[in-house]
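>>> the following block contains a protein sequence and its predicted model.
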Amino acid sequence: MSIRLRQICLVATRLAPVIDEFRDIFGLEVCFVDKRVAAFGLENSLMPVGTNFIEVVAPIQDNTAAGRYLKRRNGDGGYMVICQCDSHEVQQARKARAAALNIRVAWEHESAIFHVLQLHPADTGGAFLEIDWDAKGEPEGHWEPAGGDGWQRASRTEVVGGYRAVELQSADPTGLAQRWSAITEIPLRQDSHGRLEMPLDNASVRFIEATDGRGEGLAGVDLAVNDRERVLKAAERRGRRVSDDQVSICGTRFYLV
């Protein structure tokens, strides 16, 4: 069984200013705009981070799920943890496991080349957990949500090189960790600071106590940094520098590792 972190999704009140900050601070470029998300009342942009992706969505009409999420978490923030599994069988086994745990499917779509399995955040806790299967089976290549192939033309790794972890916060981080572990059937472990984490093939999902008053959600991302000075200078200029090891964009903590 192989499950990789492939994409995170953030939600913003306004899309363009957030994309500008990612360009300026992390040197990222947009590789794909998916017009199909308009069906959900959204607009979006995807940016490669190494062989993974940051997606930012923003509501373009009233009464969207994303808009309600913005209100619930008091502003911009993390929204989805999107993984890629290595076979349809693995995906279907995770679907069956979720059903056995009374975890609902929020959205599912199957085509000849891509199968989406999005689990309901009210049941998973923390964030949407999405476990997708791309029939081409290229964990560092073809990715249908980013337009398939061609996203590599927008890949920029001079400043940041990829994900190391994502961070979910909760009033009950242990319970949240146990739930995600039960769904994925991936055993938990402790990181070097004693925090619970769930190891994926290429990164980990870390679980911490919520202390910022924003409640449960996707709150942070560990990024491998190739040009820390560039990141910190740009973040300082935009008022996004938190410390020598952290910047904040789109209501999300980005830890520089």
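Ah, there it is.
>>> list the contacts for Asn190?
Not Asn; residue 190 is Gln. Neighbouring residues of Gln190 by CB atoms under 8 Å, 6 or more residues apart in numbering: Leu196, Glu197. (Each C-beta comes from the backbone N, C-alpha and C, glycine too.)
>>> ditto for Glu130
The contact partners of Glu130, taken as CB under 8 Å, 6+ apart, are Met80, Val81, Ile82, Cys83, Val116, Leu117, Gln118, Leu119.
>>> secondary structure class for the fifth one?
Secondary structure of Val116, reduced to three states by DSSP: H, G, I helix; E, B strand; the rest coil: strand.
>>> what do you get for Gly67?
Going by three-state DSSP: Gly67 is helix.
>>> would you confirm that it contacts Pro59?
Yes. With contacts counted by CB atoms under 8 Å, Gly67 reaches Pro59, the gap being 4.2 Å.
>>> please identify which pair of the contacts of Glu130 lies farthest apart.
Val81 and Val116 (13.7 Å; CB to CB).
>>> which one's more surrounded, the two?
Neighbour count, other CB atoms under 10 Å: between Val81 and Val116, Val81 has more, with 25 against 18.
>>> quick one: distance of whichever strand or helix holds the more buried one to the chain centre.
Following DSSP states H and E, the helix or strand that holds Val81 is strand 77-85. Computed by CA atoms, centre = their mean, to the nearest Å, the chain-centroid distance of strand 77-85 equals 4 Å.
>>> quick check: next helix or strand after it?
Once strand 77-85 ends, the next helix or strand along the chain (criterion: DSSP H and E) is helix 88-100.
>>> and the helix or strand following that next one, what does it pack against?
The C-terminal neighbour of helix 88-100 among helices and strands, as given by DSSP H and E, is strand 105-110. Secondary-structure packing of strand 105-110 (3 or more CB pairs under 8 Å, 6 or more residues apart in numbering; DSSP states H and E): strand 114-119.
>>> any idea how far the strand it packs on is from the chain center?
14 Å.
>>> stretch 31-46 - what's its average pLDDT?
For stretch 31-46, mean pLDDT rounds to 97.
>>> start to end distance for that stretch?
Terminal residues of stretch 31-46 lie 6 Å apart, using CA to CA, to the nearest Å.
>>> chain center to it: distance?
16 Å.
>>> check the offset of the strand ranked longest in the chain from the chain's centre.
In the chain, assigned by DSSP state E, the strand with the most residues is strand 160-170. Strand 160-170 sits 8 Å away from the centroid of its parent chain (CA atoms, centre = their mean).
>>> could you find the closest non-adjacent residue to Phe32?
Counting by CB to CB, 6 or more residues apart in numbering, the nearest residue to Phe32 once its immediate chain neighbours are dropped is Gly147, at 4.0 Å.
>>> and that neighbour, what is it in contact with?
Cys31, Phe32, Asp34, Leu46.
>>> and if you look at Val247?
By CB under 8 Å, 6+ apart, the contact set of Val247 is Ile25, Val231, Leu232, Ala235, Arg240, Arg241, Phe254, Leu256.
>>> now with 7 Å, please.
Neighbouring residues of Val247 by CB atoms under 7 Å, 6 or more residues apart in numbering: Ile25, Val231, Ala235, Arg240, Arg241, Phe254.
>>> for Met47, same thing?
Going by CB under 7 Å, 6+ apart, Met47 touches Phe22, Leu28, Glu29, Val30, Cys31, Phe53, Ile54.
>>> residue ranges with poor pLDDT in this protein?
Along the chain, the parts satisfying pLDDT under 70 run over 1.
>>> in the sheet, who's paired with the closest residue to Ala210 other than its chain neighbours?
Spatially, and ignoring its direct neighbours in sequence, Ala210 is nearest to Gln169 (4.0 Å; CB to CB, 6+ apart). Gln169 has the following beta-bridge partners by DSSP bridges: Ile208, Gly217.
>>> compare the contacts of Gly147 and tell me which is most surrounded.
In the contacts of Gly147, the most neighbours by other CB under 10 Å go to Leu46, 24 neighbours.
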